[in-house]
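Novice: Dropping the sequence and predicted coords here.
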Amino acid sequence: MQHKKFSDFADEPELLEGDKVKIQDILNKEILITGHKIRESKFEKSNNSKCLTLQFDTNDEKHILFTGSSVLIDQIEKYKGEIPFLTTIKKIDKYYTFT
């Protein structure tokens with residue numbers, strides 16, 4: 001008798017993997033966005049209750065970062081159909097944005 005594999009029937013979201021990086025460490029550097037997940041934040045913040053987990057590649061290495069940036073969350077929701085894509089994250093005044 002052939003047994004089913006869990007992966008044949010499970011409807012689990014794809015796990016994001018990679019070394020954790022702080023957003024400040026990749027500012028103004030080109031990265032390849034390869035995945036994302038948006039969930040409720042564990043931290044109370046007055047203007048945003050969401051947390052973005054962003055998976056990306058730099059120099060053929062996988063990384064992830066976590067941010068509550070509402071601009072990045074809005075941009076990734078709007079352009080998620082374009083993933084994978086190359087971008088640079090810039091800090092403009094008090095917010096981060098893809099460029």
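Specialist: Now that the structure is in, tell me what you want to look at.

Novice: rest of the way, CA atoms for contacts and neighbours
Specialist: Will do.

Novice: just how off-centre is the top strand by length along the chain within its chain?
Specialist: Determined from DSSP state E, the single longest strand within the chain is strand 30-40. Computed by Cα atoms, centre = their mean, to the nearest Å, the chain-centroid distance of strand 30-40 equals 2 Å.

Novice: swap in stretch 26-38?
Specialist: Using Cα atoms, centre = their mean, the offset of stretch 26-38 from its chain centre is 6 Å.

Novice: ok, residues contacting the longest strand of the chain?
Specialist: By Cα atoms under 8 Å, 6 or more residues apart in numbering, the residues outside strand 30-40 that reach it are 16, 49-58, 73, 76, 83-89.

Novice: Strand partners (parallel or antiparallel) of that strand?
Specialist: Neighbouring strands of strand 30-40 in its sheet, by DSSP bridges, are strand 50-58 (antiparallel), strand 85-92 (antiparallel).

Novice: Past the shortest one, which element shows up next along the chain?
Specialist: Right, the one you point to is strand 85-92. As assigned by DSSP states H and E, the chain's next helix or strand after strand 85-92 is strand 95-98.

Novice: other SSEs contacting that following strand?
Specialist: Applying 3 or more Cα pairs under 8 Å, 6 or more residues apart in numbering; DSSP states H and E, we find strand 95-98 packed against helix 70-79, strand 85-92.

Novice: Would you mind putting those into TSV with mean neighbour count, mean pLDDT and distance to A10 alongside?
Specialist: As requested, the helices and strands packed on strand 95-98 are exported to TSV (neighbours: other Cα atoms under 10 Å; pLDDT from 0 to 100; distance: least, Cα to Cα, whole Å):
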stretch	mean neighbour count	mean pLDDT	distance to A10
helix 70-79	15	96	25
strand 85-92	15	97	28
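
Novice: Which residues does the residue nearest the centre of the chain form beta bridges with?
Specialist: Centroid-nearest residue in the chain, with Cα atoms, centre = their mean: L54, separated by 1.2 Å. For L54, the beta-bridge assignment (DSSP bridges) gives partners H36, L65.
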